[in-house]
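Asker: I need the structure of the sequence given here:
(one chain, ligands or ions: 2)
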Amino acid sequence: MTTIRHFEERGVPETGQRGMSASVHSSVGQEAVPTGVCAHLSDDDYIGSTHRGHGHCIAKGVEPKLMMAELFGRIDGPNKGKGGSMHIADMSKGMLGTNGIVAGSVPLAVGAALTSKIRKLGRVAVAFFGDGGANQGVLHECMNLASVWKLPVVFCCENNGYAESTPVEYGLSVANVVDRAPGYDMPGIYVDGMDVLAVYEAAGQAVDRARSGGGPALLEARTYRYYGHTVFDDPLTYRTKEEQDHWRARDPLLTFRNHMIAQGNAITSEELDQMDAEALQLIEEAVSFADASPLPEPHEIL
Ligand SMILES: Cc1ncc(C[n+]2csc(CCOP(=O)(O)OP(=O)(O)O)c2C)c(N)n1
Ligand SMILES: [Mg+2]
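Answerer: Ligands and ions are numbered 1, 2, ... in the order given. The predicted model follows:
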């Protein structure tokens, strides 16, 4: 979680200073979801991600220095610097890609799950999508087919309350995304997406079920993005400061820290500080690595 936080807060602003104008979506506030889910996955398992996908990449094991090179448009990026934030794929880590198409992760993950089932690979695929993505047509086709064929896939909705500036209460026909699970004859699990341990436990149920042949599940993690939809918009034009403060007080890193320290000797404050410093150092090194990586040659453009 702390690596994701530093990647977004310390690393990403560097892209603007290097003349990269591509759109970037910060996942700060949402770190507990990819962290809690991907802790159940190995490199052989698959995830499909979103436009807000840096956290998914890091939680799935993609190296931050390679991601930073991609953001800087350098050849050491996983897509040789031609993709940017919304096209980070690393097949060696089972990372099928961040994705500029809302709900575009979903058919990719379902396809990977079908491959796993046909070839008896024992692998699980997770599709991450937002509350806005939950209303895309392709998602409903995928949930239906995955249920019919009992595919090893977990549909993980990161409900951060908004699709761009549209509140989820306005755009969703049911109270919660998870209410749709019975329509596809699959379990629906609603979880506090600001609590990494709760996400870990809930995701464990869904992943275990998928891996053991039980079929798909829908996991909805209620979370919040601290910043605007992209780095360009001001969220206070469509939500209140009180609301933002409420969610920031439930910060996933702080919640985890407080919980662990309250457990007594599970982990000390100093050890957590040490992890934080190491994560920041990793991101500093990622920025240096990306700076040292060359731009692609003009003849490589095609
Ligand atoms: C198919 C498609 N429709 C519309 C867009 C424009 N768009 C980009 S992000 C977004 C909102 C997505 O909201 P949500 O799924 O809740 O994800 P969040 O941004 O909250 O993480 C929209 C409408 C797009 N990229 N792709
Ligand atoms: Mg959203």
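
Asker: where's the residue lying closest to residue 237 once chain neighbours are set aside relative to residue 137, distance?
Answerer: Distances taken as C-beta to C-beta, 6 or more residues apart in numbering put residue 165 closest to residue 237, at 7.1 Å, once the chain neighbours are dropped. (Each C-beta comes from the backbone N, C-alpha and C, glycine too.) Look at residue 165 and residue 137: by C-beta to C-beta, to the nearest Å, they are 22 Å apart.

Asker: So between those two, which is more surrounded?
Answerer: Shown here are residue 165 and residue 137; by other C-beta atoms under 10 Å, residue 165 has more neighbours (13 against 8).

Asker: Residue 230 is in contact with the residue nearest to residue 237, correct?
Answerer: No. Using C-beta atoms under 8 Å, residue 165 is not in contact with residue 230; the gap is 11.4 Å.

Asker: who touches both of these two?
Answerer: Common neighbours of residue 165 and residue 230, using C-beta atoms under 8 Å, 6 or more residues apart in numbering, do not exist here.

Asker: Tell me which stretches of the stretch 51-200 of the chain form strands.
Answerer: Ranges of strands in the stretch 51-200 of the chain, per DSSP state E, counting those that start in this stretch, are 125-130, 153-159, 162-163, 166-167, 188-192.

Asker: who wins for proximity to residue 287 among those?
Answerer: Ranking these by proximity to residue 287 (C-beta to C-beta) places strand 125-130 first, at 25.6 Å.

Asker: mind saving the C-alpha coords of the lowest-mean-pLDDT helix or strand in the chain as CSV?
Answerer: When the helices and strands of the chain are compared on mean pLDDT, DSSP states H and E, helix 13-16 comes out lowest with a mean of 90. Provided in CSV are the C-alpha atoms of helix 13-16 (Å, rounded to 0.1, in the frame of the first residue of the first chain):
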residue,chain,number,x,y,z
PRO,A,13,4.0,14.2,-10.7
GLU,A,14,7.5,13.8,-12.2
THR,A,15,5.9,12.8,-15.6
GLY,A,16,4.5,16.3,-16.0
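
Asker: touching ligand 1 at all, the helix or strand just after that helix?
Answerer: Where DSSP states H and E defines the elements, the next helix or strand beyond helix 13-16 is helix 32-38. No. If you take C-beta under 6 Å from any ligand atom as the test, helix 32-38 misses ligand 1, and the best it gets is 10.5 Å.

Asker: One more: stretch 233-241?
Answerer: No. Against ligand 1, stretch 233-241 shows no contacts by C-beta under 6 Å from any ligand atom, the least distance being 10.9 Å.

Asker: wait, does that stretch contact ligand 2?
Answerer: No. Counting by C-beta under 5 Å from the ion, ligand 2 is not contacted by stretch 233-241; separation bottoms out at 11.8 Å.

Asker: end-to-end on that stretch?
Answerer: Terminal residues of stretch 233-241 are spaced 15 Å apart (C-alpha to C-alpha, to the nearest Å).

Asker: Check stretch 129-141 too.
Answerer: End-to-end distance (C-alpha to C-alpha), stretch 129-141: 15 Å.

Asker: cool, and stretch 124-133?
Answerer: End-to-end distance of stretch 124-133 (C-alpha to C-alpha): 21 Å.

Asker: For it, give the mean pLDDT please.
Answerer: Stretch 124-133 carries an average pLDDT of 98.

Asker: Do any residues in it lie close to ligand 2?
Answerer: Yes. Among the residues of stretch 124-133, 130-131 lie within reach of ligand 2 under C-beta under 5 Å from the ion.

Asker: Is there any residue in that stretch that contacts ligand 1?
Answerer: Yes. Stretch 124-133 lies within reach of ligand 1 by C-beta under 6 Å from any ligand atom, at 130-133.

Asker: To what extent is the residue in the chain that ligand 2 sits nearest to buried, counted in neighbours?
Answerer: For the chain and ligand 2, the shortest gap (C-beta to the ion) falls at residue 130, measuring 3.7 Å. Residue neighbour count, defined by other C-beta under 10 Å, stands at 27 for residue 130.
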